[in-house]
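1. Can you look at this prediction? I've put the sequence above it.
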Amino acid sequence: MAVVMLVEDEELISTMVEINLKREGFDVVSFGASEPALEYLETGSCDVILLDIMLPGMNGPEALKEIRGRGITTPVLMLTARHDLDLKVGTLESGADDYLTKPFDMDELLARIRVLLRRKD
Amino acid sequence: MRALRGIRERLGATLGWTWTHRHHVLFGGSLFFLTLLMAWWTLFLKESVDRERADSQQILQLRIENYASVLGHQLVPPQPDVLDSEKNISLLACPDPPDPFTVQLSPHHPTWCLTPSELSISSMDRQYRLRNAMVFGEGALSFLLILVTGLMLYRLLDAEKRASQELQEIWSRVTHEIKTPITGIKALLQTLEKQELSPDELRPLLKLGMREVERQEKLAENLLIGQRLARGFYQLQTSRLELVAFLRNYLEHQVIRIPREQVSSNVGGFETLLVQADPNALRVILDNLVENSVKYSDKKLLLQVFIEELDGAVMIHLKDNGPGFEPSQSRKVFDAYKRLSAELPKGKQGTGMGLHISRRLAVEMGGELTAESAGVGFGATFTLTLRVARSDPGGSSDKEKK
């Protein structure tokens, strides 16, 4: 069963994404900030990472840099409400595999996760 | 066009600037070009003055030669008063050796000569020196004017550019603040559409959803009030307000945002306290202050709300255990659209309008809103001061303490 790591500080979004992922048969590890997520990745693993860009403490792009810096190649899907083109391009260039703008459709999010998993396989 | 873009990009890469610096280049270029034009114009005018001077000297010389010819052909020797009407020409004995500026009175009086008078030469020199000085002075003044105008325009353009960037950043923040609650609510509704949830599962989700709806509502309210205040359209309905009942009711409704045990208050120690306030504006101020504490708290929030009456005013203090700020920033926290991002937990979003609007509303009600903090990591205290409402013009306050 695929494991999805969710890093999102907005409680309602995080809860709803988690419920939907579980319903679709995924295992979910959820964190409200980058630091505990990075700590988890030191020993644990996952198949896809959903990473919010605006996070308290270390933000999404910084966490992504750290993840790629450690040589972790797990597909990363970035989530953000911001539309800035520079931010999107910068994020993809620093190692993200996909990008989803809020407010997103739950079905689209699930479809993109499946695409990333297929690509990984 | 593509080739031009290529050159532009290569030039930018070489010089280390991006094309967003183009207004610097345009201004620098224009200033340089105008300065060159001004220098050329000044030199052109100076040349004209010099040519005019040479022409004047030549005319004088021709006149002298003409007089010398007329006087030289007269048999009567020239008398000193013969040239009284011509102040620019002098009659004198011919110098030995001959002076290049003197003209002999040939053929009958070769010992006498005509020459430009000292006065005419010095006056001509002074006149053309003055004109040259005027030309250079005008050139320098024009250069100064170009420089000052250029600098002023540059500053204006730079300020405009900064304002436009700031506006873009503000809209980006506002968009984020609008979209984030919508994302949660949309996800909740989409889930409910597809999935049956038990009442126990549903209750906390609805509570979270409600909180997001309220967040959205407050954002819309702040945007609207901000616009109205900026345009001077916001009308306050200030009246006598019973503060104790108002605060009790308000705090009761905050349980949706902060658990009851995390809020302490001395409001219960008062029975009535009449103040001059607009209940809606007061609610907006308190909402913004509480929201501020909730949003920036990076640990378990502890909020103290306590009131006191002092010198005809009532003060409502809201003290939190959040990140606080440097004491020197206590006024800056109220600046419109400004967020003390360096001091606040990174990644926390906000429009930067809440505190600015709150302070303006407090002032409009005849009160004040101030902020204090002992430093980063020591929490913050916001104090809202309101005027006590008097029961009669010379009477005492309506306050009754238990």
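-> It's in. Numbers count the residues shown, from 1 in each chain, chains lettered A, B, ... in the order given.
2. next SSE after the host helix or strand of B:A68?
-> Of the helices and strands defined by DSSP states H and E, B:A68 is found in helix B:22-72. Once the chain leaves helix B:22-72, the next helix or strand it forms, by DSSP H and E, is strand B:89-93.
3. Helix or strand next in line after that next one, which one?
-> Where DSSP H and E defines the elements, the next helix or strand beyond strand B:89-93 is strand B:103-105.
4. So what are the sheet partners of that following strand and their directions?
-> strand B:109-116 (antiparallel) (DSSP bridges).
5. Could you tell me the average pLDDT over the strand it pairs with, please?
-> For strand B:109-116, the mean pLDDT works out to 86.
6. picking that back up, distance between the helix holding B:A68 and the chain's centre?
-> 44 Å (Cα atoms, centre = their mean, to the nearest Å).
7. Next, please give the residue ranges for the helices of the stretch 101-250 of chain B.
-> Using DSSP state H, counting those that start in this stretch, the helices found in the stretch 101-250 of chain B span residues B:118-194, B:199-231, B:243-252.
8. next one: chain A
-> Assigned by DSSP state H, chain A shows helices spanning A:11-23, A:34-43, A:60-69, A:85-93, A:106-120.
9. residues of stretch B:129-141 that come out buried?
-> For stretch B:129-141, a neighbour-count test (16 or more other Cβ atoms under 10 Å in any protein chain shown) marks B:131, B:135, B:139 as buried. In short, each C-beta sits where N, CA and C put it, glycine included.
10. now do stretch B:59-75
-> By 16+ other Cβ under 10 Å, the buried positions in stretch B:59-75 come out as B:60, B:64, B:67-68, B:71-72.
11. Tabulate the residues you listed (TSV), appending pLDDT.
-> Below are these laid out as TSV (pLDDT from 0 to 100):
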residue	pLDDT
B:L60	85
B:I64	86
B:Y67	86
B:A68	86
B:L71	85
B:G72	86
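12. quick check, nearest of these to chain A?
-> Using Cβ to the nearest Cβ, B:L60 is the member of the buried residues of stretch B:59-75 that lies nearest chain A, at 74.4 Å.
13. What ranges in the chain fall below the confidence cut-off?
-> You didn't pick a chain, so chain A it is. By pLDDT under 70, chain A has no low-scoring segment.
14. Hmm, no, I was thinking of chain B.
-> B:1-2, B:8-9, B:11-23, B:82, B:84-86, B:256, B:298, B:336-350, B:391-402.
15. Tell me how far the residue nearest the centre of it lies from B:E166.
-> In chain B, the residue lying closest to the centroid (Cα atoms, centre = their mean) is B:A159, at 5.9 Å. When distance is defined by Cβ to Cβ, to the nearest Å, B:A159 is 10 Å away from B:E166.
16. residues in chain A within reach of chain B, list them.
-> If contact is defined as Cβ under 8 Å from any Cβ of the partner chain, the residues of chain A in contact with chain B are A:9-13, A:15-17, A:19-20, A:23, A:54-59, A:80-84, A:102-107.
17. what about 10 Å?
-> By the rule Cβ under 10 Å from any Cβ of the partner chain, the part of chain A lying against chain B is A:8-17, A:19-20, A:23, A:33-34, A:52-60, A:62, A:79-84, A:87, A:101-107, A:109.
18. Mark which of these are buried, thanks.
-> A:8-10, A:12-17, A:19-20, A:33-34, A:52-60, A:62, A:79-82, A:87, A:102-104, A:106, A:109.
19. any idea how far the residue positioned nearest the centre of chain A is from A:R119?
-> Central residue of chain A (Cα atoms, centre = their mean): A:L50, 1.3 Å from the mean position. Applying Cβ to Cβ, the value for A:L50 to A:R119 is 15 Å.
20. With A:D107 instead?
-> Where A:R119 is concerned, A:D107 sits at a distance of 19 Å (Cβ to Cβ).
21. With B:T102 instead?
-> Distance, B:T102 to A:R119, using Cβ to Cβ: 105 Å.
22. likewise A:D27?
-> For A:D27, the distance to A:R119 - Cβ to Cβ - is 19 Å.
23. more crowded one of the two?
-> Set A:D27 next to A:R119 and count neighbours by other Cβ atoms under 10 Å in any protein chain shown: A:D27 wins out with 13 against 10.
24. residues near B:M210, how many?
-> If you count neighbours by other Cβ under 10 Å, B:M210 ends up with 13.
25. Next up, the contacts around the residue nearest to B:L45 when sequence neighbours are not counted.
-> Residue nearest to B:L45 in three dimensions, not counting chain neighbours: B:V135, with 4.4 Å by Cβ to Cβ, 6 or more residues apart in numbering or on different chains. By Cβ atoms under 10 Å, 6 or more residues apart in numbering or on different chains, the contact list for B:V135 reads B:41-49.
26. Same check on A:D121?
-> Counting by Cβ under 10 Å, 6+ apart, A:D121 touches A:2, A:47.
27. Please apply the same query to B:G375.
-> So B:G375 contacts B:323-329, B:343 (Cβ under 10 Å, 6+ apart).
28. out of those residues, which are buried?
-> The neighbour-count test (16+ other Cβ under 10 Å) marks B:323-325, B:329, B:343 as buried among the contacts of B:G375.
29. Please identify which pair of these lies farthest apart.
-> B:P323 and B:Q329 (11.7 Å; Cβ to Cβ).
30. re earlier: kindly indicate which of the buried ones among the contacts of B:G375 lies nearest B:H317.
-> For the buried ones among the contacts of B:G375, the residue nearest B:H317 by Cβ to Cβ is B:G324; the value is 14.6 Å.
31. Surely that closest one is in contact with B:F382?
-> No: B:G324 lies out of contact with B:F382 (Cβ atoms under 10 Å); the separation is 11.3 Å.
32. Please enumerate the shared neighbours of the two.
-> Taking Cβ under 10 Å, 6+ apart as the criterion, B:G324 and B:F382 both touch B:371-373.
33. which one of those sits closest to chain A?
-> Nearest to chain A, judged by Cβ to the nearest Cβ, of the shared contacts of B:G324 and B:F382 is B:S373 at 19.2 Å.
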